[in-house]
Structure formats: structure tokens, C-alpha cells
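Chemist: just need the structure, nothing else, for what follows:
(one chain, ligands or ions: 2)
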Amino acid sequence: MSHNHYPDLQVCVLAAGKGKRMRSNLPKVLHKVLGRAMIDYVLHTVESLRPKGIAVVTGHASEMVREHVGQPANLDWVIQDQQLGTGHAVKQCETVIRAVRDVLIVCGDTPLLSAETLAHLVDEHRNCKADVTVLTALQASPFGYGRIVRDDDQRVSAIVEEKDATDAQRQITEVSSGIYCVRNEVLFDLLRAIGNRNAQNEYYLPDIVPLALAAGQRVDAVLMEQSDEMTGVNDRVDLARVEDMMQKRIIRDWQLRGVTIEKPETVRIEAGVSIGIDTVIQAGCYLIGSTHIGDECRVGPNAVLVDAWLDDRVNVFAFSHIQGASVGSNTSVGPYGRLRPGAQLDEHVHIGNFVEIKKSVIGRGSKVNHLSYIGDATMGSDCNIGAGTITCNYDGANKFRTEIGDNVFVGSDTQLVAPVSVGDGATIGAGGTITRDVPAGGLTLSERTEQRYIAGWKRPEKDIR
Ligand code: UD1
Ligand code: MG
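Modeler: Ligands and ions are numbered 1, 2, ... in the order given. Coordinates of the predicted model:
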């Protein structure tokens, strides 16, 4: 995974297009692949080459793109008001390009591209002393890509877009990745010479190839080994395909780092997730956003974790849903547990089936094992909360807190009507409606109706006429 650094390189990222084929209100490069915007992948990759500067060309919804990316120190924003083509887009960068030997041009819609591949392109370009080098790949189904036209000596002579290609040219399976390395000294003269007489009336960046050849400059092509990497996203079919490839990469990466993933083809693990060693992720799990899972955990099958934080040795059983919550070590949740934002479970906690916890702290060793709702509460350590216990935290307008001390035992089917507090060591009898603070220790019972016994009573019998 190591490659050189390139202080003598400027990067241009093309991200001005609307992405018409996405049919979206969102600019194309902000569409997400496994929870991360496409532009973020591309910027992260080019950043790792440590170039002198990065120019990003935006146009359509440029404010949205800028707001998303922020303002890294070595990044210049370039506006392309009208999207007149990829050549026109690069030309807009002229004033911000720093004094460098080469300009690396990449598209914002190819998130799978690796830094190794880009480094290889730049290295080959320099070794061959080329003026223009294009990164190409063999694609069994080349539809939509620019085709690489080679002359009798197998040298690149032109790049022809799908819409301009002849039937014979459409058969060519070597395609352009849209990525170029060009000597800074010649780039802008070439760009000034391109026209827009083509099927799309656009200024095509690929037209610098024949212009460079006509000027006696050297044009080379570097063929990629991993042709998947150049897959560009133009519509949502491509987006799904790219996401699938990215998912395989991410899963493989976690597997190699010591995570067991059962039925990996059924699991979603987003780009921002981290997982510790000897953790087992079972089938059908969705690990979303910034979710962190510690060592030796077991999650699933079919659990959903969104921005969740799990310490080591946590068990999340089947069909549990955890969002914006943190779980201490040796704790278990589910099956069918639900932790909502602000739930904070300490170590050795047990949250059982059909239990919902929201904005509540649950102390070390406490158990809420069955069919309960705990919201806006603070619970101390070693409590046992009986089945069906509910914190009544909402009066229809405002929310109130429930405070529970340490070593409290709450009988089944108790309603704790907040605001209310329960002292350390208290025991509350089953079926209570608790509306006033419960003192520490002792037994608290709320009013119960007298139990009656009717001797000799018989159950009705089924009429068998
Ligand atoms: C482009 C290439 C094609 C290559 C393919 C690889 C051209 C003319 N075609 O086709 O040879 O095989 O990429 O994926 O270069 N953009 C701008 N301003 C514009 C037009 C486009 O910034 O005026 C940006 C887009 O936002 C996008 C990138 O340039 O990130 C490529 O544009 P796109 O429309 O996706 O071109 P393709 O048809 O994919
Ligand atoms: Mg494209």
C-alpha cells in the first residue's frame, strides 16, 4: 500500500457536472457509496499522493459540494459556470495551478480508484518522458466510455467518445478512465486548441491526444491491471455496482485484520465503521455510519448498528437495532433489543428482548431483560428491572426524568411516572404505579385491589348441541 509522494504534481478533480443521468437534486459527486460521498473517496486518494495542490472544479450546486468538503489548506476551488465539457473544466484551473512539472486530472465520479494506480500512472508518465499519458483499461462491456484508438504501430492516436464513435470503434474494448497525467508546460496550450464540434457540442479533454500528437509531443497510455477501479458512476445502476465492489474491498480488509464475517455477501459495512479482532459479524448485519465495534464481540444475525459504539466482548443478538448509543464491555443486547440515541450502557449490563432504551444511563451490572421502555432515566448499578416496566416520561407535552439508584429491584409491570426517583436498595412490588419518590431500602407497594377467592366456581363448558 505504499507509494511515493509527489511534491511536483498538481491534481485537478473534475466535479462540475450535474450528473443528469443520476436524475437527482443532489450533485453527482455527493452521492454516497457505503455512507461516504464519492468526492470524499477521490479527495482522500489524491491527498495521499501529497501533491503540491488540488484544484476542484465545481459548477452545478457548487455551494453544496464546498460545504460538504470544507476548506483543506492545499485545496483550491474553481468554478465552471457552464458545463461545457471536461476540457473546458480543466481549462478553468489555469490560474490556480501551482508551478509543478505535471498535472494529474481525475474525475470526481470514480471512487474506486486507488492511490497506487495513480502513482503508477505518474511514474510511467515520467519514466517515458511523455507529454500526455492517459490511464486506460480493458472492459468487456465498454459501453459509455471513450474508446482508445491505436494506429498500426499500436500507439494511441485518439480517444473517441461513445456518442461520436463509429460502429467499428464501438467494438474497441480498451477504454479511457478519464484520468490523465499531462506536462504542465503543454497542457493549457493544448486545451486552448480544442473545439466543440462533436455529438455533444462539448470541449472534450480527450481531444488533447490528437492535438499533442500533431504538435509532435509524446502521448502514452498506461493500461490498468485492476480495470474495476476505473468504474465511473453515471447513473444509479453504476452506483449500485460500484457500491458492491467497494463493499467487497472493505469486507476483505476487515477479514484480513482479524474479523470473522459470516455470509459476507449479506452484510453491509460502511466506510466509516471500525471493528476489533476476533469479533464475529453474523449474516444480514448492517453496520452503518461511524459505528465502532471492539474486540471479541458477536453481532447478529440481522442486527442494525447506526453510529453505535460497542466496547469489547459485547453480544448483540439477532434483530437488535442500535443507533447513537454506547455499550460497555461484556454487555448483551437483544434478541430484539432497541437502543436509541443517548442510551449509555455500562459494563456487564443485560438488555433483553423487546426492550427499548432511550437517552438513559444504565449502570454496571443492571438488567432490563424483558418488554420494557426506559427513557430519560438514570439507573445505578446492579438493578433488576422486571418485565414490562415502563418509565412514563412524557405527559403529551414535556419530558421528565426518572432517577433510579443502585441495587434497586422493580417488580414486573411497574409504571414509573416521571419525574420520580427511586432510592438505593429499594424494592417495588409488581404491578405498581409509582407517582411519588420511592425511599431507599424497604418495600414500596402502590394501592392494590383486594384479591378474592370464590370457592366451588366452575368454568363454563362448551355447548355441544
Ligand atoms: C468521461 C470521458 C470518457 C471516459 C469517462 C470515464 C470526456 C469527454 N469523456 O466520460 O472518455 O471514458 O469519463 O469515466 O472526457 N465534468 C465537469 N465539467 C463538465 C463536464 C464534466 O466538471 O463540463 C466532470 C463531471 O462532473 C465528472 C467528470 O467530469 O466528474 C466526467 O464527466 P462525465 O459527464 O461523467 O463524462 P463521461 O461521460 O463519464
Ligand atoms: Mg463519468
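Chemist: tell me which parts of the protein are close to ligand 2?
Modeler: 109, 232, 234 (C-beta under 5 Å from the ion). (C-beta placed from N, C-alpha, C; glycine too.)
Chemist: from those, pick the one nearest ligand 2.
Modeler: The closest of these to ligand 2 turns out to be Gly232 (C-beta to the ion; 3.7 Å).
Chemist: assign a three-state SS to Val46, would you?
Modeler: When classified by DSSP: H, G, I helix; E, B strand; the rest coil, Val46 comes out as helix.
Chemist: begin at 387, not 1, for the rest of this chat.
Modeler: Fine by me, first position is 387 from now on; the one you just mentioned is Val432.
Chemist: let me know the secondary structure of the closest residue in space to it that isn't next to it in sequence.
Modeler: Nearest non-adjacent residue to Val432, counting by C-beta to C-beta, 6 or more residues apart in numbering: Val397, 4.6 Å away. Of the three states, Val397 takes strand under three-state DSSP.
Chemist: give me every residue that touches Val397.
Modeler: The contact partners of Val397, taken as C-beta atoms under 8 Å, 6 or more residues apart in numbering, are 432, 435, 437, 439-441, 489-492.
Chemist: quick one on the thing from earlier: sort the residues of the chain next to ligand 2 by pLDDT and name the bottom one.
Modeler: Ranked by pLDDT, the residues of the chain next to ligand 2 bottom out at Gly618, which scores 91.
Chemist: ranges for the helices of the stretch 487-636 of the chain?
Modeler: Taking DSSP state H, counting those that start in this stretch, the helices of the stretch 487-636 of the chain run over residues 501-513, 553-556, 570-579, 594-600, 622-642.
Chemist: return the alpha-carbon coordinates of the shortest one using CSV.
Modeler: When you say that, I think you mean helix 553-556. Output of helix 553-556 as CSV, limited to C-alpha atoms (Å, rounded to 0.1, in the frame of the first residue of the first chain):
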residue,chain,number,x,y,z
ASP,A,553,-19.7,1.0,-35.1
ALA,A,554,-16.2,-0.3,-35.6
GLN,A,555,-14.8,1.9,-32.9
ARG,A,556,-17.5,0.8,-30.5
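Chemist: related to what we said a few turns ago, and the residue nearest to Val432, what are its bridge partners?
Modeler: According to DSSP bridges, the residues that bridge with Val397 are Ile440, Leu490.
Chemist: state the distance from it to ligand 2.
Modeler: Distance, Val397 to ligand 2, using C-beta to the ion, to the nearest Å: 17 Å.
Chemist: next, format the helices of the stretch 487-636 of the chain as JSON lines and append mean pLDDT.
Modeler: Shown next, in JSON lines, are those (pLDDT from 0 to 100):
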{"stretch": "helix 501-513", "mean pLDDT": "97"}
{"stretch": "helix 553-556", "mean pLDDT": "96"}
{"stretch": "helix 570-579", "mean pLDDT": "97"}
{"stretch": "helix 594-600", "mean pLDDT": "97"}
{"stretch": "helix 622-642", "mean pLDDT": "97"}
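Chemist: list the buried residues for stretch 727-734?
Modeler: If you call a residue buried by 16 or more other C-beta atoms under 10 Å, then stretch 727-734 has these buried ones: 728-734.
Chemist: which single one of the contacts of Val397 is nearest to Tyr589?
Modeler: Closest to Tyr589 out of the contacts of Val397 is Ile491 (13.6 Å), distances taken as C-beta to C-beta.
Chemist: so what's the closest one up against?
Modeler: Contacts of Ile491 (C-beta under 8 Å, 6+ apart): 397-398, 400, 476, 565-568, 591.
Chemist: go again with 10 Å.
Modeler: Counting by C-beta atoms under 10 Å, 6 or more residues apart in numbering, Ile491 makes contact with 396-400, 441, 443, 472-473, 475-476, 479, 520-521, 564-568, 573, 591, 594.
Chemist: in CSV: the residues of the chain next to ligand 2, plus distance to ligand 1 and neighbour count.
Modeler: Listed next are the residues of the chain next to ligand 2 as CSV, based on distance: C-beta to the nearest ligand atom, whole Å; neighbours: other C-beta atoms under 10 Å:
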residue, distance to ligand 1, neighbour count
Asp495, 4, 24
Gly618, 3, 21
Asn620, 5, 17
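Chemist: what about the residue nearest to Met610 when sequence neighbours are not counted, how many neighbours?
Modeler: Leaving aside its sequence neighbours, Met610 sits nearest to Ala523 (C-beta to C-beta, 6+ apart; 4.3 Å). Ala523 is flanked by 24 other residues according to other C-beta atoms under 10 Å.
Chemist: might one say that Ala694 is in contact with Ile708?
Modeler: Yes. Here Ala694 reaches Ile708: they are 4.3 Å apart, a contact under C-beta atoms under 10 Å.
Chemist: what do those two both touch?
Modeler: 677, 685, 700, 702, 719, 725, 729.
Chemist: who does the fourth one form a beta bridge with?
Modeler: Beta-bridge partners of Val702, counted by DSSP bridges, are Val685, Val719.
Chemist: keeping just the C-alphas, turn stretch 650-658 into PDB.
Modeler: Output of stretch 650-658 as PDB, limited to C-alpha atoms (Å, rounded to 0.1, in the frame of the first residue of the first chain):
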ATOM      1  CA  PRO A 650     -20.300 -11.700   3.800                       C
ATOM      2  CA  GLU A 651     -22.500 -11.200   0.700                       C
ATOM      3  CA  THR A 652     -25.400 -10.500   3.000                       C
ATOM      4  CA  VAL A 653     -23.600  -7.900   5.200                       C
ATOM      5  CA  ARG A 654     -23.300  -4.100   4.800                       C
ATOM      6  CA  ILE A 655     -20.300  -2.500   6.400                       C
ATOM      7  CA  GLU A 656     -20.000   1.200   5.600                       C
ATOM      8  CA  ALA A 657     -16.700   3.000   5.000                       C
ATOM      9  CA  GLY A 658     -16.700   4.800   8.400                       C
END
